[in-house]
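*Asks:* please work out how this folds:
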Amino acid sequence: ALCFFLIDSCDASNNIVRKLLLPFPDSAYSKRVALLSVLVLNHLEKYSEAQNQMTNYLLFNHADTSGVHDIYTQAAAARYKSVKRSKTLARVFPGAGFFYLKRSGKGFTSAALNLAFLGYTAYSVYTGFYVTSVFTGLQNWMRFYSGGIRASASLAKKQNEELKQTHLKKLDAFCYGKIIH
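*Replies:* Numbers count the residues shown, from 1 in each chain. Alright, predicted model coming up:
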């Protein structure tokens, strides 16, 4: 189970720990098994199960349970950014997805480049250079427009993953400190 956990296969590790606990329910109160089980549940984002298991282990060993509820409440209440909302905002107005993700510099840049290419396309049509407007202005605008949508979605995913990793580090350190004094 530890090997699967170390290679980031938390589902397999969780299955093995559960199979271990069925015939030997008292092994849940072993330091190593309890720590591994709680860490696996943390990484699977099953915070209520991990909190219950952590509390039960600490109560069984007459240890202090202070702070367990607070840290799991913070992890569960983390505000993740919606990838779908970021993409939708970027579709409605170029750069709005970046503003939603609190990246105003990228938002202004994206909006300015999109407006510049649209302006160039309009100017080329106005002056009668229709082929130039399609190949130089409109084509580049479409690239920046669709690229801005993809970039805001990937940035939202990246921010969510960083937030998750931050909470996991805090949870792991807290659980390790409580279980392995």
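*Asks:* next SSE downstream of the helix or strand bottoming out on mean pLDDT in the chain?
*Replies:* Least confident helix or strand of the chain, by mean pLDDT, DSSP states H and E, is helix 2-6 with a mean of 80. Counting by DSSP states H and E, the element after helix 2-6 in chain order, helix or strand, is helix 10-21.
*Asks:* contacts for that next one?
*Replies:* Helix 10-21 is contacted from outside by 1-2, 4-5, 27-28, 33, 36-37, 40-41, 43-44, using CB atoms under 8 Å, 6 or more residues apart in numbering. C-beta here means a position set from N, CA and C on the backbone, and glycine is covered the same way.
*Asks:* residue 177: which of those residues is nearest?
*Replies:* residue 36 (15.5 Å; CB to CB).
*Asks:* run a quick neighbour tally on that closest one.
*Replies:* Applying other CB atoms under 10 Å, we find 20 residues neighbouring residue 36.
*Asks:* and residue 76, how far from residue 47?
*Replies:* Distance of residue 76 to residue 47, given as CB to CB, to the nearest Å: 5 Å.
*Asks:* show me where pLDDT drops low in the protein?
*Replies:* 24-25, 27-28 (pLDDT under 70).
*Asks:* which parts of it are helices?
*Replies:* Secondary structure of the chain (DSSP state H): helices located at 2-6, 10-21, 31-43, 47-60, 68-76, 83-92, 96-100, 104-127, 130-132, 139-179.
*Asks:* of residue 76 and residue 47, who's got more company?
*Replies:* residue 47 (20 against 12).
*Asks:* now the more buried one: how far from residue 139?
*Replies:* Residue 47 is 48 Å from residue 139, by CB to CB.
*Asks:* dump the contacts of helix 10-21 to TSV, plus distance to residue 17.
*Replies:* Compiled in TSV, the contacts of helix 10-21 are given as follows (distance: CB to CB, whole Å):
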residue	distance to residue 17
1	5
2	10
4	9
5	9
27	9
28	9
33	7
36	6
37	5
40	6
41	9
43	12
44	11
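*Asks:* buried members of those into PyMOL, please.
*Replies:* Listed next is the PyMOL selection for buried residues among the contacts of helix 10-21, using 16 or more other CB atoms under 10 Å:
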select buried, resi 1+4+5+28+33+36+37+40+41+43
